[in-house]
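Visitor: model this:
(4 chains)
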There are 2 protein chains.
Amino acid sequence: MLITETSSCKACIYRHLLFGSLNDEEYNLVNKSRKEIFFKKGKKIKLEGEKFTSFFYLRKGLVKLYKTDNMGKDHILSINKPGDFITLLHVFSTDNYQYNIAAIEDTLVCEVELSVLKELIKTNGEFALNIVFRMGKIADNVIASRFGQAKLQVKGKIATIILFFSDQVYRKKRFRMPVTRREIGELISMSTENVIRTLSEFKKDNIVKFEGKEIIILDYNRLVMISKAG
Amino acid sequence: MLITETSSCKACIYRHLLFGSLNDEEYNLVNKSRKEIFFKKGKKIKLEGEKFTSFFYLRKGLVKLYKTDNMGKDHILSINKPGDFITLLHVFSTDNYQYNIAAIEDTLVCEVELSVLKELIKTNGEFALNIVFRMGKIADNVIASRFGQAKLQVKGKIATIILFFSDQVYRKKRFRMPVTRREIGELISMSTENVIRTLSEFKKDNIVKFEGKEIIILDYNRLVMISKAG
DNA sequence: CGCGGCTTTGATGTTCATCAAGTAAAGTGG
DNA sequence: CCACTTTACTTGATGAACATCAAAGCCGCG
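Guide: Residues are numbered from 1 along each chain as shown, chains lettered A, B, ... in the order given. Prediction:
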């Protein structure tokens, strides 16, 4: 982990998502307590049970939120991409963080003191509403994705994940898969072998193609159908 | 649906959960816009896609939040009990409600104008923090229960549900099951038949007993073990 | 260059959905 | 209040979906 120089983030493309309603003075408060931290791929950003003293958002890279069960198996709650406020949903309600966070690509996070955020919620009504709105959005997303997956079987789940990376993360039909087959399994509660078998089937059916580490979507519409139907 | 007389809810046992930080004037604002509405068992309280103009909390009874898929099958997101702020998590982030809500027991809800709540968030910092805190709690619960269930198989899931009613709702070892076997299936994404088979197995193993509509927990510790292990 | 982690395929068994069929209970309309 | 209809509950048989075990190839890295 590496703390970079804290350049002003007035120009940050994610600023308006959360800090749009702050005046200059309030904004400086945030900026002063703010740290940019860099994590190399594979590094853990936060551990289950650690105390909260700050809140994170993701500038660059990709992270996973996960929990390890008593059998030693990991279960991934979500994969998060730049612009996501990784801990916003949990930061106010509990003292200890409930999930592990790890970088699955080289990752840059911004860290803001929790006390500053709380103070702003108290004093700036618009900002408070903004936070409430954001939290609702995040909760909706997590719940909807968990809930939607529950009724699908493997093919549908895998299709959903491929589409997630294609539509939401890389915005391309061809990209390097950032997660291992095992991690995909941990995300959808399936065995690694079954993930592989399903991907092989997609390949056989000319829905996707693999070139080295890259996946290429050949039949996007079919993937969408599979992700919806089964 | 039946609107009862709007008696002051200063004495409401749930008041402190959300409205503890309001002064008398603010509190009257809430109280004036507040309606108590009664729903008979089986009645729908809110439909997917309806516009939000108010927010609900549950005074008495039991409700389910659910969605109907394109095959006509219902999937239950959560069962909610008195004191739960049923729509708090979603009310600020979207214009249209995403789930159906139905009473599974005779139910009394309190309805508060959304505009009043928003105004209070803007003007009362403590209240805003309180809302943020509550939202986090609710989100944590929904996510944790969804996430925890994902790795379990039928026995574990059913044990979890029996314990939910026993520990969280009725606080008794003997109670009337408020949901049908089918609804249990809809809650854990399992077929009705498998729910029944699992319950029969629990009965055979002397973990629970049935008397008419009532279920009696005979071996609480064993249920806890099953709910954790699998 | 050897070791460990990732990937892949095949064989086998378990878990669970589905279909079928019947009983019990609970609404519903005359 | 009773016949009728629907909904809930239950058990068994069958097959599909999926986990698990085993074995082997691949690749990156020290």
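Visitor: show me what contacts the residue sitting nearest the centre point of chain A?
Guide: Nearest to the mean C-alpha position of chain A, by C-alpha atoms, centre = their mean, lies A:N80 at 0.9 Å. Contacts for A:N80 (C-beta atoms under 8 Å, 6 or more residues apart in numbering or on different chains) come out as A:58, A:62-65, A:86. No exception for glycine: its C-beta is placed from N, CA and C like everyone else's.
Visitor: For chain A, which residues are neighbours of chain B?
Guide: By C-beta under 8 Å from any C-beta of the partner chain, the residues of chain A that approach chain B are A:67, A:69-70, A:73, A:75, A:77, A:89-94, A:98, A:118, A:121-123, A:125-126, A:128-129, A:131-140, A:142-144, A:146-147, A:150-151, A:189.
Visitor: which of the contacts of A:N80 has the most neighbours?
Guide: A:V63 (27 neighbours; other C-beta atoms under 10 Å in any protein chain shown).
Visitor: Show me the beta-bridge partners of that residue.
Guide: A:N80, A:A103 (DSSP bridges).
Visitor: re the thing from before, of the contacts of A:N80, which is the nearest to DNA strand C?
Guide: Closest approach to DNA strand C among the contacts of A:N80 (C-beta to the nearest atom of the strand): A:K64, at 12.5 Å.
Visitor: How about A:G125, nearest residue that isn't a chain neighbour?
Guide: B:K122 (3.1 Å; C-beta to C-beta, 6 or more residues apart in numbering or on different chains).
Visitor: how near is A:I158 to DNA strand D?
Guide: Relative to DNA strand D, A:I158 is positioned 10 Å away (C-beta to the nearest atom of the strand, to the nearest Å).
Visitor: returning to what we had before: give me the buried entries from the residues of chain A next to chain B.
Guide: Listed as buried from the residues of chain A next to chain B are A:67, A:75, A:77, A:89-93, A:98, A:118, A:121-122, A:125, A:128-129, A:131-132, A:134-140, A:142-143, A:146-147, A:150, A:189; burial here means 16 or more other C-beta atoms under 10 Å in any protein chain shown.
Visitor: Give the phi and psi angles for the residue nearest to A:K81 when sequence neighbours are not counted, as a check.
Guide: Nearest residue to A:K81, sequence neighbours excluded (C-beta to C-beta, 6+ apart): A:V169, at 4.9 Å. With angles defined as degrees, to the nearest 10, A:V169 sits at phi -100, psi -60.
Visitor: isn't A:V169 right up against A:L62?
Guide: Yes. Because the distance of 6.9 Å satisfies C-beta atoms under 8 Å, A:V169 is recorded as touching A:L62.
Visitor: Which residues of chain A lie near DNA strand C?
Guide: With the criterion set to C-beta under 7 Å from any atom of the strand, chain A comes near DNA strand C through A:180-182, A:192-193, A:196-197, A:199-200, A:210.
Visitor: need these in JSON lines with neighbour count and distance to A:K46, can you?
Guide: As requested, those are exported to JSON lines (neighbours: other C-beta atoms under 10 Å in any protein chain shown; distance: C-beta to C-beta, whole Å):
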{"residue": "A:T180", "neighbour count": "12", "distance to A:K46": "21"}
{"residue": "A:R181", "neighbour count": "16", "distance to A:K46": "25"}
{"residue": "A:R182", "neighbour count": "15", "distance to A:K46": "21"}
{"residue": "A:T192", "neighbour count": "14", "distance to A:K46": "25"}
{"residue": "A:E193", "neighbour count": "11", "distance to A:K46": "31"}
{"residue": "A:I196", "neighbour count": "14", "distance to A:K46": "30"}
{"residue": "A:R197", "neighbour count": "14", "distance to A:K46": "34"}
{"residue": "A:L199", "neighbour count": "19", "distance to A:K46": "30"}
{"residue": "A:S200", "neighbour count": "11", "distance to A:K46": "35"}
{"residue": "A:F210", "neighbour count": "13", "distance to A:K46": "33"}
